[in-house]
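Asker: quick one, structure for this:
(chains A and B)
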Number of protein chains: 2
Amino acid sequence: MVGVEWLEGGITAVPGILAAGLHCGIKVSGKKDLALIYSSTPAVATGVFTTNRIVGAPVKVSREHLKGGVAQAIVASSGNANVATGEQGVKDAREMADLVAQSLRIPPTHVLVASTGIIGQPLPIEKIRAGVPKLVKALSPQGGRAAAEAIMTTDTRRKEAALKVEIQGRAVTFGGVAKGAGMIAPQMATMFCFLATDAALTRDALDLVLRRAVERSFNRIIIDGDRSTSDTVFLLANGLAENRPLAKGDRRLQSFQHGLEALTQRLALMIVQDGEGATKLVEVRVSGARSHRDALTAARAIATSLLVKTALAGEDPNWGRIIAALGASGAQMQEDKVAISYGDEPVVEAGRLRQKVRWERVKEALAGKEVLIQVDVGLGLGQAHIWTSDLTEEYIKINARYTS
Amino acid sequence: MVGVEWLEGGITAVPGILAAGLHCGIKVSGKKDLALIYSSTPAVATGVFTTNRIVGAPVKVSREHLKGGVAQAIVASSGNANVATGEQGVKDAREMADLVAQSLRIPPTHVLVASTGIIGQPLPIEKIRAGVPKLVKALSPQGGRAAAEAIMTTDTRRKEAALKVEIQGRAVTFGGVAKGAGMIAPQMATMFCFLATDAALTRDALDLVLRRAVERSFNRIIIDGDRSTSDTVFLLANGLAENRPLAKGDRRLQSFQHGLEALTQRLALMIVQDGEGATKLVEVRVSGARSHRDALTAARAIATSLLVKTALAGEDPNWGRIIAALGASGAQMQEDKVAISYGDEPVVEAGRLRQKVRWERVKEALAGKEVLIQVDVGLGLGQAHIWTSDLTEEYIKINARYTS
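Answerer: Below is the predicted model of the structure:
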């Protein structure tokens, strides 16, 4: 494993990356609602999008623009998702890219677009039109924070991080911003993550490592099980580290993967911790499954169960709910082989409550801000983990009282 | 369609069916916790159980007893689920059946068993041992109500119903009791439904119609998406109506199916209406899907989405959440063909908000105790409906504050 050195700041910690964020008028609150990330040189670029069959107009346009494999800017708005807006929505998303391209004098296809917020309402493109020139002027190496703020919706905290790893004696920097509170927030609010690195990679290699990193970070967190129409992850690699480009099969790619995953996992955990109404970050670790896939199926079922999540809010060691979620998951299992621990304290063995459980330790394990649940299925070598949060009344308040 | 005549009372409305319910000491509250249903003649019997891979000991024993296809009694306890209790649990469930069999002088395999309540704790069999003789003495044609009360856990209301249909000039009676508040309540509380009819049927035919009726009633309701380890439906057909026995392929079976479904649907809706914290009964109706299966997949996804359910609690016409749940469901769809109505008021057409929506009608449709959401996918002839409830803060309170 390569060592990871965490850096101050976020995406603008990466050499050659500038950013900006400002209020252009989409949000009535007056908060920042337009963000721009810019690489001083064209970057190899790739993206991962929601698997929802219905996607926002920005997703459609960005998918198109990514076909070339090169991008130099990401423009993102918050307050309006530009989803379910028909042909006009696609035109508006395209214009958003065009406006930025004109101001920056780069090809429109080198601009990626993302929007989050209200669904089914026309994007107020005239406000974005007026905002883009100011946004371009505001670009700076200190702008990461403003960009992180400008993509927030129900987020209570800005999410950004940066780190450095060494790849064969050469320092490579990664930086990123994210948004999301819940996998999805009121009005489809969505998960965004915009990442940059100064490493040089081929497009194929970049694509591969991003997919893996997303699988092991954003695809391992669960807030409410809903998937948005706009979830978007972008990764730009501008090559300023001047390393020999990393290609598929290159052993150095592992170090790159390691650095990228450290970053995406940290950003993913920030999203869980900022989950709507969440008070705990919970890791559900399943081992002993027939396969890794089975372990993931089981972990996901436990981490999604409302009964498990509400029990966690009540700090209740309700292992019966864990067993029931496990049994319902579809993963292979045998009741008399299941073991469950809260933190490191074993509670269930061979499918039954242990004779002697140190309940004070269980209580302690459940009382913290970070809770670990370990489940061993006792059938094989498959293992997986999922991060989730507890489910509190606050979640319902946030989601029921929002009026569209 | 045959006409259905609703009757007063529940399972004891069926000729030859006696029942009783009393407190034997499992529940500390002093409420009834032991129920017995008895048919004066041996009945053709069948059952449907949870699909959870982990099941309670009573499910194991009842599955065994049902192999013979004949039963004469159902004994059910509440307060302890006898789940995750190992070999001793199976012994205890077997003894529960034996005790009833001895008192009634019938074979133990003619007794079906069910338990609901706390998981992982030994069943207090000595209390049941003391209770059974009194229970048998208390059997009466008016005992349906006591039996319905004795299977309640977090239920706030007793659930029973009875009806009569004519099958080729002969009156056939159906009666039933059910429990469940949420598909599952704190501590795996479970859904039970015990049904009886005086019709004569072959075992094959009985099995077929029960499976269909469950598919169209209990499998069409969603409270929290969790499945319990103890869900159980039993159906006894004692033949006292003296009709020529209904067999597979008999056209009269349709009338029987119709009567049984009317009953199971009514009981299923009672469960949704008594859902933990629920304030509304919501029907999600999906049409225009590529297949019935696709329609069901879509309806289930919408009815399970926390964001849709919390929006319903807030009476918020948040159609964006419906579209997102639809898109994430995996069912075939095309955004620009989707139409959505609240009640009978169309809100979305061709995937977009309609120009003129009578919002006061939408508000009215959402304000009632019963809410209808209609989604047309515009691709085919597949249709399906699912009943669900809204998700309120009360659900979280009930489930987080319960201490095991």
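Asker: where do the helices sit along chain A?
Answerer: Using DSSP state H, the helices assigned to chain A run over residues A:57-66, A:86-104, A:125-138, A:144-150, A:203-215, A:253-273, A:292-304, A:306-313, A:319-328, A:359-367, A:393-400.
Asker: count the residues that sit near the residue found closest to residue A:146 once you drop the neighbours it is linked to in the chain.
Answerer: Of all residues not flanking residue A:146 in the chain, residue A:21 sits nearest, at 3.4 Å (CB to CB, 6 or more residues apart in numbering or on different chains). All C-beta spots, glycine's among them, are computed from the backbone N, C-alpha and C. Here the number of neighbours of residue A:21 (other CB atoms under 10 Å in any protein chain shown) works out to 26.
Asker: and for residue A:18?
Answerer: Residues near residue A:18, counting by other CB under 10 Å: 22.
Asker: that one bridge partners, please.
Answerer: Judged by DSSP bridges, the bridge partners of residue A:18 are residue A:38.
Asker: give me the number of residues near the closest residue to residue A:204 other than its chain neighbours?
Answerer: Computed as CB to CB, 6+ apart, the closest residue to residue A:204 that is not its neighbour in sequence is residue A:248, at 5.2 Å. Residue A:248 sits with 13 neighbouring residues when counted by other CB under 10 Å.
Asker: can you name the residues that contact residue A:248?
Answerer: Residue A:248 makes contact with A:202, A:204, A:205, A:208, according to CB atoms under 8 Å, 6 or more residues apart in numbering or on different chains.
Asker: which one of the residues you listed sits closest to residue B:99?
Answerer: For these, the residue nearest residue B:99 by CB to CB is residue A:208; the value is 64.2 Å.
Asker: low pLDDT regions in the stretch 51-200 of chain A?
Answerer: A:181-189 (pLDDT under 70).
Asker: in this structure residue A:178 contacts residue A:160, no?
Answerer: Yes: counting by CB atoms under 8 Å, residue A:178 does reach residue A:160; the two are 7.4 Å apart.
Asker: who touches both of those two?
Answerer: Contacts common to residue A:178 and residue A:160, judged by CB under 8 Å, 6+ apart, are A:148, A:267.
Asker: could you check which of those two has the larger neighbour count?
Answerer: For residue A:178 versus residue A:160, neighbours defined as other CB under 10 Å are more numerous around residue A:178 (30 against 25).
Asker: contact partners for that one?
Answerer: Neighbour list for residue A:178: A:148, A:159, A:160, A:191, A:192, A:193, A:194, A:267, A:268, A:270, A:271 [criterion: CB under 8 Å, 6+ apart].
Asker: which residues does it bridge with?
Answerer: According to DSSP bridges, beta-bridge pairing links residue A:178 with residue A:159, residue A:193.
Asker: which residue is most remote from the mean position of chain A?
Answerer: Relative to the centre of chain A, and counting by CA atoms, centre = their mean, the farthest-placed residue is residue A:355 at 41.3 Å.
Asker: what pLDDT does the model give that one?
Answerer: pLDDT for residue A:355: 89.
Asker: contact residues of the stretch 201-350 of chain A facing chain B?
Answerer: Applying CB under 8 Å from any CB of the partner chain, one finds that the stretch 201-350 of chain A approaches chain B through A:224-229, A:305-307, A:310-311, A:313-314, A:316-321, A:323-328, A:330, A:333, A:335-336, A:338, A:348, A:350.
Asker: doesn't residue A:159 make contact with residue A:270?
Answerer: Yes: Residue A:270 lies in contact with residue A:159 (CB under 8 Å); the separation is 4.3 Å.
Asker: who has more neighbours out of the two?
Answerer: residue A:159 (26 against 21).
Asker: please tell me how far the more buried one sits from residue B:255.
Answerer: Computed as CB to CB, to the nearest Å, the residue A:159 to residue B:255 distance reads 62 Å.
Asker: and residue A:80, by the same measure?
Answerer: For residue A:80, the distance to residue B:255 - CB to CB - is 55 Å.
Asker: can you check residue A:60 too?
Answerer: From residue A:60 to residue B:255 the distance is 53 Å (CB to CB).
Asker: now swap in residue A:72 and tell me
Answerer: Residue A:72 sits 71 Å away from residue B:255, going by CB to CB.
Asker: when those two are compared, which one has more neighbours?
Answerer: More crowded of residue A:72 and residue B:255, by other CB under 10 Å: residue A:72, with 23 against 20.
Asker: I'd say that one and residue A:106 touch.
Answerer: Yes: using CB under 8 Å, residue A:72 is in contact with residue A:106, at 5.0 Å.
Asker: what sits in contact with each of these two?
Answerer: With CB under 8 Å, 6+ apart, residue A:72 and residue A:106 have common neighbours residue A:42.
Asker: excluding its backbone neighbours, what's nearest residue A:177?
Answerer: That would be residue A:148: by CB to CB, 6+ apart, it lies 4.2 Å from residue A:177.
Asker: quick check: the one you found vs chain B, distance?
Answerer: Between residue A:148 and chain B the distance is 25 Å, computed by CB to the nearest CB, to the nearest Å.
Asker: returning to what we had before: ChimeraX command for the buried members of the residues of the stretch 201-350 of chain A next to chain B?
Answerer: Provided next is the ChimeraX selection string for whichever of these are buried by 16 or more other CB atoms under 10 Å in any protein chain shown:
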select /A:224,225,226,227,228,229,305,306,307,310,311,313,314,316,317,318,319,320,321,323,324,325,326,327,328,333,335,338,348
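Asker: distance check, the closest residue to residue A:103 other than its chain neighbours against residue A:18.
Answerer: Counting by CB to CB, 6+ apart, residue A:136 is the residue found nearest to residue A:103 once chain neighbours are left out, at 4.2 Å. Note on residue A:136: its distance to residue A:18, by CB to CB, is 10 Å.
Asker: just to check, the residue nearest to residue A:146 is in contact with residue A:143?
Answerer: Yes: with contact defined as CB under 8 Å, residue A:21 reaches residue A:143; the gap is 6.8 Å.
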